[in-house]
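Trainee: got a predicted structure plus its sequence, pasted below:
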Amino acid sequence: MNRKTNASASPARRVFIKSYGCQMNVYDSVRMADVLTAEGFQETDSPSEADLVILNTCHIREKAAEKVYSELGRLRKIKAERKANGRETLVAVAGCVAQAEGDEIVRRAPVVDMVFGPQSYHRLPDFVSRAEAGESVVDTEFPAEDKFDHLPLQMPKGARGQRRASAFLTVQEGCDKFCTFCVVPYTRGAEFSRPVTKIVDEARRLVAGGVSEITLLGQNVNAYHGEGPDGREWCLARLIEAVAGIGGIKRLRYTTSHPRDMDDTLIAAHRDIETLMPYLHLPVQSGSDRVLKAMNRGHGRNRYLEIIEDVRAARPDLALSSDFIVGFPGESDEDFEDTLDLVRRVRYAQAFSFKYSARPGTPAADAGDQVPEAVKAERLQRLQVLLRDQQAAFADGLVGQTLPVLFEKPGKLTGQIVGRSPYLQPVQVMAPENLMGAIMPVTITEAGPNSLFGHLTDPPDNTVKALTVGEAMVSA
């Protein structure tokens with residue numbers, strides 16, 4: 001990719017990128033920023049200042065496309081105001097809604113200049129040039145080339161120059177599981193795993209730039225089967241071991257996993273690799289064997305519970321997270337009670353739960369016996385009460401403990417910084433900003449609804465005090 005040689009001779013163009021949905025989209029947005037920064041763009045936090053606005057969309061949740069069209073309505077006004085002041089604005093829709101909707105987006109929202117899917121954003125400079133020439137760009141093909149081969153180096157400090165203590169690194173994309181409710185195989189395509197050498201090289205660059213925590217990403221990350229430097233196919237556990245061997249790596253995570261690919265080698269990695277954090281997001285979706293079969297999940301509740309037992313035996317301090325769908329077509333009261341029973345058995349530290357919403361083009365969307373909205377809402381409320389109670393119990397159990405916290409950003413209060421526990425919880429502490437990027441022991445003093453609060457166990461001086469839940473609520 002050629003960099004513009006005259007970028008400094010004229011004011012830099014500005015780009016605003018809004019990311020919806022999963023962590024893969026967050027990674028893709030970072031990489032889009034890298035592509036555009038290499039072409040002379042600068043990121044901005046305000047769409048009204050942007051010469052290019054990109055909505056990086058997600059198609060998983062209910063009414064995802066309609067939310068995009070609503071945002072495009074607001075952008076139409078911004079684009080008109082800027083044009084009245086002699087400034088042009090290009091608008092792009094990227095990601096999974098773009099992949100699914102294609103030309104329909106341009107038809108319904110003429111404000112859009114570019115539509116491109118998640119496998120095409122390495123061609124952004126070409127799309128921008130074509131749009132500037134007046135062409136309406138729609139690219140939702142699955143290209144034959146590997147987009148990662150055409151991306152610039154990931155910038156460890158981010159496109160806006162902030163130091164990043166943690167970073168995402170995509171190792172696998174797509175899914176071959178074809179769960180009956182899911183659009184990922186249609187919007188992201190078949191499973192593809194990047195070669196080990198390229199992943200390790202990217203991880204080394206991130207660490208050299210100051211990153212100490214890396215999360216390995218994939219739609220179905222534990223199905224990773226990339227080519228190793230020995231020419232053989234490597235599994236995720238072996239990849240984790242290779243990345244963990246990079247000097248400077250202090251923390252490793254991976255997401256999102258599928259129970260069908262949670263093998264013994266990966267469970268052993270939780271036991272043997274110290275830098276692999278004691279946190280596992282393992283979506284189950286339902287606790288009913290009948291519903292799991294209808295979802296085409298490829299496992300039953302007993303197999304899921306066996307995996308949980310094995311991974312907890314390997315790593316006793318492991319915290320678990322999951323995804324749940326309530327009201328899947330045909331879900332009975334008994335099926336839902338099976339889900340509640342599974343949740344009580346597992347005891348989650350965190351979980352995400354949603355009402356089933358039909359995704360166009362998926363088998364479940366055309367299934368009979370759809371569950372009434374009122375029933376779905378009542379079941380979701382019951383499930384979320386149970387999950388919130390478990391999350392609060394887990395957080396309360398950490399009060400009085402000392403946890404290693406990776407500090408990432410300033411807090412809302414003067415003198416406050418925020419980090420992450422090994423279990424991904426935000427931890428708020430009154431401490432100097434020069435500790436950002438460091439991992440420090442923190443004694444947890446209180447647990448709030450969404451954060452932990454504490455003080456440095458070994459503070460630099462005696463002026464550092466604990467931040468309380470009450471202080472945080474006042475500052476919010």
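Mentor: Good, I have the coordinates.
Trainee: for the rest of this, base every contact and every neighbour count on C-alpha atoms.
Mentor: Fine.
Trainee: helices along the stretch 151-300 of the chain, start to end?
Mentor: Ranges of helices in the stretch 151-300 of the chain, per DSSP state H, counting those that start in this stretch, are 184-187, 196-208, 236-244, 264-272, 289-294.
Trainee: of the ones you listed, which shows the lowest average pLDDT?
Mentor: Lowest mean pLDDT within the helices of the stretch 151-300 of the chain: helix 184-187, at a mean of 82.
Trainee: what residue ranges in this structure are flagged as low confidence?
Mentor: Applying pLDDT under 70 to the chain flags the ranges 1-11, 60-64, 142-163, 460-476.
Trainee: picking that back up, adding mean neighbour count and distance to Thr215, write the helices of the stretch 151-300 of the chain out as TSV.
Mentor: Output for these, formatted as TSV (neighbours: other CA atoms under 10 Å; distance: least, CA to CA, whole Å):
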stretch	mean neighbour count	distance to Thr215
helix 184-187	20	20
helix 196-208	19	10
helix 236-244	20	10
helix 264-272	17	14
helix 289-294	18	28
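Trainee: for the ones you listed, which one sits closest to Lys79?
Mentor: Judged by CA to CA, the one of the helices of the stretch 151-300 of the chain that comes nearest to Lys79 is helix 184-187, at 28.4 Å.
Trainee: can I get the helices of the stretch 151-300 of the chain in TSV including distance to Val171?
Mentor: Below are the helices of the stretch 151-300 of the chain laid out as TSV (distance: least, CA to CA, whole Å):
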stretch	distance to Val171
helix 184-187	16
helix 196-208	7
helix 236-244	9
helix 264-272	15
helix 289-294	27
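Trainee: quick one: closest of these to Ser166.
Mentor: Ser166 lies closest, by CA to CA, to one member of the helices of the stretch 151-300 of the chain: helix 196-208, at 8.9 Å.
Trainee: what angle sits between the closest one and helix 236-244?
Mentor: Note on geometry: by axes from the mean of the first three to the mean of the last three CA atoms, to 10 degrees, helix 196-208 and helix 236-244 are set 40 degrees apart in direction.
Trainee: what's helix 196-208 packed up against?
Mentor: strand 166-170, helix 236-244 (3 or more CA pairs under 8 Å, 6 or more residues apart in numbering; DSSP states H and E).
Trainee: where does the closest residue to Arg82 other than its chain neighbours land in three-state SS?
Mentor: Closest residue in space to Arg82, ignoring its immediate chain neighbours: Glu88 at 6.3 Å, by CA to CA, 6 or more residues apart in numbering. Assigned with DSSP: H, G, I helix; E, B strand; the rest coil, Glu88 falls in the coil class.
Trainee: can you name the residues that contact Glu88?
Mentor: By CA atoms under 8 Å, 6 or more residues apart in numbering, the contact list for Glu88 reads Asp51, Lys79, Arg82.
Trainee: for the first one, which non-adjacent residue is closest in space?
Mentor: So that's Asp51. Thr89 (4.5 Å).
Trainee: got the CA positions of stretch 113-125 in CSV?
Mentor: C-alpha atoms of stretch 113-125 as CSV (Å, rounded to 0.1, in the frame of the first residue of the first chain):
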residue,chain,number,x,y,z
ASP,A,113,-21.4,6.5,-0.7
MET,A,114,-19.7,3.2,0.1
VAL,A,115,-20.9,-0.2,1.3
PHE,A,116,-18.4,-2.9,1.9
GLY,A,117,-18.2,-6.1,3.9
PRO,A,118,-15.8,-7.2,6.6
GLN,A,119,-13.5,-9.0,4.2
SER,A,120,-13.0,-6.0,1.9
TYR,A,121,-11.8,-3.1,4.1
HIS,A,122,-8.2,-3.5,3.0
ARG,A,123,-9.3,-1.9,-0.2
LEU,A,124,-10.5,1.2,1.5
PRO,A,125,-8.2,3.6,-0.3
